[in-house]
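**Student:** For reference, the sequence and a predicted model appear below.
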There are 2 protein chains.
Amino acid sequence: MATSANPQPEGLKRFQEMTRQLKQYEELLGVVYWDMRTGAPRKGVELRSEAVGTLSAETFRIATSTEMGELLDRLSQPDAFASLGEIDRKLVEETRKDYDRNRKLPPELYREYVVLTSQSESAWEEAKANSDFPGFLPYLERIIDYNRQFIDLWGVKTTPYDTLLDMYEPGTTTAELDRLFGELRGRLVPLAEAIAAQGDRPDTTFLEGTFDVAAQKRFSLFILKQMGYDFEAGRLDESVHPFATGLNPGDVRITTRYLLDDITSALFGTIHEGGHALYEQNIKAELAGTPLSGGTSMGIHESQSRLWENMIGRSRAFWERYFPELQRHFPGQLDTVTAEAFYRGINVVEPSLIRIEADELTYNLHIMIRYEIEKMLFNEGLNPRDLQEVWNEKYKGALGVAPSNAGEGVLQDVHWSGGSFGYFPSYSLGNMYAAQMMNTAQRKLPDLNAQIAEGRLLPLKEWLTGEVYQFGKLLKPAEIIQRISGESLRSSYLCDYLEGKYREIYRL
Amino acid sequence: MATSANPQPEGLKRFQEMTRQLKQYEELLGVVYWDMRTGAPRKGVELRSEAVGTLSAETFRIATSTEMGELLDRLSQPDAFASLGEIDRKLVEETRKDYDRNRKLPPELYREYVVLTSQSESAWEEAKANSDFPGFLPYLERIIDYNRQFIDLWGVKTTPYDTLLDMYEPGTTTAELDRLFGELRGRLVPLAEAIAAQGDRPDTTFLEGTFDVAAQKRFSLFILKQMGYDFEAGRLDESVHPFATGLNPGDVRITTRYLLDDITSALFGTIHEGGHALYEQNIKAELAGTPLSGGTSMGIHESQSRLWENMIGRSRAFWERYFPELQRHFPGQLDTVTAEAFYRGINVVEPSLIRIEADELTYNLHIMIRYEIEKMLFNEGLNPRDLQEVWNEKYKGALGVAPSNAGEGVLQDVHWSGGSFGYFPSYSLGNMYAAQMMNTAQRKLPDLNAQIAEGRLLPLKEWLTGEVYQFGKLLKPAEIIQRISGESLRSSYLCDYLEGKYREIYRL
C-alpha cells in the first residue's frame, strides 16, 4: 500500500498502541474465560477470578484514562480527523463511544459490578438447577439496580431501556423494535395458530433414542468442515453452555454440548456457534489486532448463527445432501427414515417452555416475552420480585404454556445473571437480518439451493464474507443491511420465509 | 489468627496489592502459555505472542517502577521491617531481589530479549528437527550476547557464570558446584565403568512393541491418583515437550507425551511432572496469591520431580505393587515378564546421547557436560560457533559416544533457546537434594519401603508436604535441606544411593 502523503497527526501512534493494548488484554482475558468454561480445575477458580478482575479493572482504567481522552480530543479535531485513513477514523469513533460511556461510570462502581456478575453466574447455575427463584432474587435485584444506576449515569435515550439496547444493537430503539415485533406478531401468531389447528404433527419418534457421543462429535466436526470453518484457526470443545469466542481472527473457538438422548442439541448447537465463528474467522486482516476486529453488533452476529443453524441447517436442501451422512454416522439407527421425514421432524412447530429448544417460528415469541419484560423492568419500574409471576403470565398469554417451576421458566437463560439486559432482541433482529440477507443471496447466487443440496456450502460462505464478515466493525448494522438489500431492516422477509417454509411442511 | 498489635507500616497495603498484581499477571500469562503448548490453533499464535509480549512488558514495568522502589525502601527501614509479619518480610526480601536485578536492565533491552527468545523457541524446534546447527547459531549468538550484557548490568558475582546460577539456585556458586560435581564424578564414573565391564545387561526386549495410547493414558491417570495428585486442582494433557505449570495452588497442570512404541516415555514423564505438581499443589494457603507461592528454587523443584520419577518410580518396592496393574492395563503384552525383570529392565545403565532418555546414573554426566560448556561460554569466552564441536568432544570424553548430528547433540535441549543458561545444574542438584531427603525419610518413616510396596504413597507425600512443599519460597534451598537432614547439601547421599541400587541390580 502507498504511504499517505499527509503527515501522521500527533498522537496517532500512541492512540493505535493504546487501542491495540486494550484489544490484546481482551484477547488474553478471552483465553482465560474459554479455559474456565472448558475444563479449568474447580479449585483454581477463585484465585483465577481475582486475577481476571484485576486485568479487567486495568483494561477499564486504560480505556477511561485522561491520556485516552486527550488523544481522542486531539484526533477528533477536524484537521487531524480529516487526515486519518478509513480504519483510524472508525477507530476514533468507536473508541470515543466506549470512552464517553465508560467515563461516566465511577471505577469503583464498575469494579463492584464486575465482581457481582462474576459471582452471580455461579449463583444462577445453582438456583436454576434447584428452581429456586427466591435464592437468585437478591442477585437479580442488585444487578438490575446497578443497571438502573448505569442508565442514569449514561443518560436516558428516549426511554431508559433504549440506553441498554444501544449497547448490543447500536442505533436500535424501542420504537423500532415495537414496530418490527408488532409486525412479526401480526403474521407469525396466525401462522402458528393455523399450524396448531391443522393437527397433522410430523413424526419425531426417530429423534428419540440413544446416540453415541463419539459419533455425534465426528458428525459435528464433519459439518463444520463442510461449512468452511477453519480448524487451523479454531477448535471445537465441550461446555455446559455452548458458545463461540473470537480471540483473534486466527483463533476462533466454539463449544457444544453432547446429549446422549438428543441428537439435535449438539448438531444445531454446533452449526449455530459455527455461524458465529465463520463471521469472526473472516474479518479482514487489516483489522486484526485492533478493536475493530469483531462483530459489528449482536444482531448481526446472531444473524449469522441463526442463518446457518436454521435457514441452512434446517433446510430441505441441506438434508438432501447430509442425511445419508448422518445415517452413516449412526449405523442402523436411522435406516428406515427418509431425508424428507427427517426434514419435517426437525421442523415441528409447537409452543414450548424453553427458548433454546424452540422451533424457528415460535422462537420469536419467546424473544418478545423477554423484550416486554425488560421494558417493564427499566421503563415501567417492574419490581424484580414480580418477575416470576409476570414471566408465567406472559408465557400463558403468548404461548399457552405455563412453567411448572422457575428452572424451566424465569431462570432458564444465563443472560440476566451476567447483566445482559437488552441482549435478547438481538436474536429476533438476527432472524430478520438473516432472512433479508438470504433473500438477496438467493438472487445473487441463483443456484444456491442446488449448491446446498450438493454440499457446496462454500460459495454462500464466500458471499457472506464479502458482504458481512470481512468488514468487522467498519460498517454499522444498518449500513450492512442497506448495502446488501438496498433497504433498511424489514420484518417481511422473515415472515415470508417462515410462511413459505411452514405452509409447505404443514400443507396449509 | 490474632491481629498484630503493631500498626501496619505505611505502604504495606499498596505493596501487597502490587505484588499480588504481579503474581496475577503471571498466572494469566501461565494459562495462555499452557494453552499455546496444548492445542491453541496455529494461525492465532502470532497475535497471541504479541499480546503476551505486551502484558509481560507491563509486568516488568510494574516490577521495576519507581513506586515499587519507594515502597521497598520504606518497608526496608528497620522500624517498618521489624513490624512486619514473617510472610511480609520474606515478600519484601524476595521482591527487593527481583527489583534490584530487573532495575539494572533497560526496559527496551528486556523487551528485545523477550521477543528474541519467544521467536527462537520456534526456530530451535525447526533447527532441531533438521539437525541444523548453523541455522540456529544466529539465535544462539544473540541470546548469549544478551546474557553476557545482562551479567555486566547485574554485576559479576565471583565469576560471570555465578551471576546466572544464582537465578535458578539462589546462593549456589561455581565453587560449590565444582566441588559437588567433582565428588559425584569421582564415585559415579567408576561405578558406570564397573557396570560396563560386568557385561550382564538386563533384558529390555519386553519394552519394545506397541502400547495402546489410551491404556497408557489410563495408567498415567491411575499413577497420578496414587501419588496423591489432586485432579480437582489440576489436569493432565498432552504436549510435545512435557511440563508442569503451577498457575495457582488450586490449578497445577501437567502434560505428558504418549509414544506408541515406548511405554516408558509417558510413564516416567508423567511421574516426573507429577512430582513438580505435588510441590505446587501443596504450598500453604496463606501464601496463595502472593509471589511466595511457588517453588523456592529450580534445584528443589527438580528434587521433587526426580525423587518421584526415580527414587520412587524406578524402585523395586513401587513395581511390586504396580507391575500387576501395568499388566492389567496391557493385557497379554507383559504376561511373561516378572516384576523383578521389569524393575531391572527400566534401570539399565548405559552411556547414551540424549539426556532425557538417560538412566539415573549417567544422567548426571550429561548435566556436568552442560555445566562445563556453560562455564566456558560465560567465564572463558567460548565462541558460540564452536559449541557443536565442544559438545561432541565432551560427549566422546565423558560418555564415549558421539552424536551423529546436531539434533541428537548440541540442539537436543530446549533450555538455551529460551535463554536458560545456568538451569542445567538444577537437575543434578535435584538428584542430590532428593537422595539426602530420602535418607531422612527412610529414618522418619521406618516402614516407607513396605508402604510403597503396598501402594501407600500418601504418607511420603504428606511428609514431603510438611518438610518442603508447604513452605513455598518462605525457606531458602539451604534452609530446607538443613532443616530436613541437619546438614548442608552433600554429594555422598546420592552416591551411596546409586551405588547401593546398581551394585545390587548388576551384582557387583
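**Tutor:** Great, that's in hand. Numbering: from 1, shown residues only, chains lettered A, B, ... in the order given.
**Student:** tally of neighbours for residue A:233?
**Tutor:** Residues lying near residue A:233 (other CB atoms under 10 Å in any protein chain shown) number 22. For the C-beta atoms, the positions are set from N, CA and C on the backbone; glycine is no exception.
**Student:** can you check residue A:397 too?
**Tutor:** Look at residue A:397: counted by other CB under 10 Å, it has 9 neighbours.
**Student:** need the next SSE after the helix or strand that contains it, C-terminal direction.
**Tutor:** Using DSSP states H and E, residue A:397 sits in helix A:387-399. Sequence order places helix A:425-444 as the next helix or strand after helix A:387-399, per DSSP H and E.
**Student:** who does that following helix touch, helix- and strand-wise?
**Tutor:** Taking 3 or more CB pairs under 8 Å, 6 or more residues apart in numbering or on different chains; DSSP states H and E as contact, the helices and strands that helix A:425-444 lies on are helix A:160-168, helix A:174-198, helix A:298-306, helix A:363-379, helix A:448-453, helix A:458-467, helix A:477-485, helix A:492-505.
**Student:** export the ones you listed to CSV and tack on mean neighbour count and distance to chain B?
**Tutor:** Below are the helices and strands packed on helix A:425-444 laid out as CSV (neighbours: other CB atoms under 10 Å in any protein chain shown; distance: least, CB to the nearest CB, whole Å):
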stretch, mean neighbour count, distance to chain B
helix A:160-168, 22, 25
helix A:174-198, 16, 36
helix A:298-306, 26, 19
helix A:363-379, 21, 32
helix A:448-453, 17, 27
helix A:458-467, 18, 16
helix A:477-485, 18, 25
helix A:492-505, 18, 34
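**Student:** Quick check: which of those is nearest to residue B:496?
**Tutor:** Nearest to residue B:496, of all the helices and strands packed on helix A:425-444, is helix A:298-306, at 66.5 Å by CB to CB.
**Student:** Quick one: distance of that closest one to the chain centre.
**Tutor:** Mean-position distance between helix A:298-306 and its chain equals 5 Å (CA atoms, centre = their mean, to the nearest Å).
**Student:** helices or strands next to the following helix or strand past that helix in the packing?
**Tutor:** On the C-terminal side of helix A:298-306, the nearest following helix or strand under DSSP H and E is helix A:316-329. Here helix A:316-329 touches helix A:213-227, helix A:339-345, helix A:448-453, going by 3+ CB pairs under 8 Å, 6+ apart.
**Student:** Could I get those helices in CSV, plus columns for distance to residue B:332?
**Tutor:** What follows is the helices and strands packed on helix A:316-329, written out as CSV (distance: least, CB to CB, whole Å):
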stretch, distance to residue B:332
helix A:213-227, 25
helix A:339-345, 44
helix A:448-453, 50
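**Student:** Any chance of CSV for those helices, columns mean pLDDT and distance to residue B:162?
**Tutor:** Below are the helices and strands packed on helix A:316-329 laid out as CSV (pLDDT from 0 to 100; distance: least, CB to CB, whole Å):
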stretch, mean pLDDT, distance to residue B:162
helix A:213-227, 98, 54
helix A:339-345, 97, 73
helix A:448-453, 98, 70
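**Student:** quick one: which of the ones you listed is nearest residue A:285?
**Tutor:** Nearest to residue A:285, of all the helices and strands packed on helix A:316-329, is helix A:213-227, at 20.9 Å by CB to CB.
**Student:** From the rest of the structure, what touches that closest one?
**Tutor:** Residues from elsewhere that reach helix A:213-227, judged by CB atoms under 8 Å, 6 or more residues apart in numbering or on different chains: A:231, A:236, A:254, A:256, A:258, A:260, A:263, A:266-267, A:270-271, A:274-275, A:278, A:308, A:322, A:325-326, A:329-330, A:455, A:457, A:461.
**Student:** Also stretch A:293-303?
**Tutor:** Residues from elsewhere that reach stretch A:293-303 (CB under 8 Å, 6+ apart): A:23, A:168-170, A:172, A:246, A:248-249, A:276, A:279-280, A:283, A:287, A:423, A:425-427, A:429-434, A:437, A:468, A:471-477, A:480.
**Student:** just stretch A:464-483 next, same as before
**Tutor:** Under the criterion CB under 8 Å, 6+ apart, residues A:86-87, A:90, A:94, A:169-172, A:278-279, A:281-284, A:287, A:291-297, A:299-300, A:303-304, A:307, A:433, A:436-437, A:441, A:484, A:487-489 lie in contact with stretch A:464-483.
**Student:** Perfect, that will be all.
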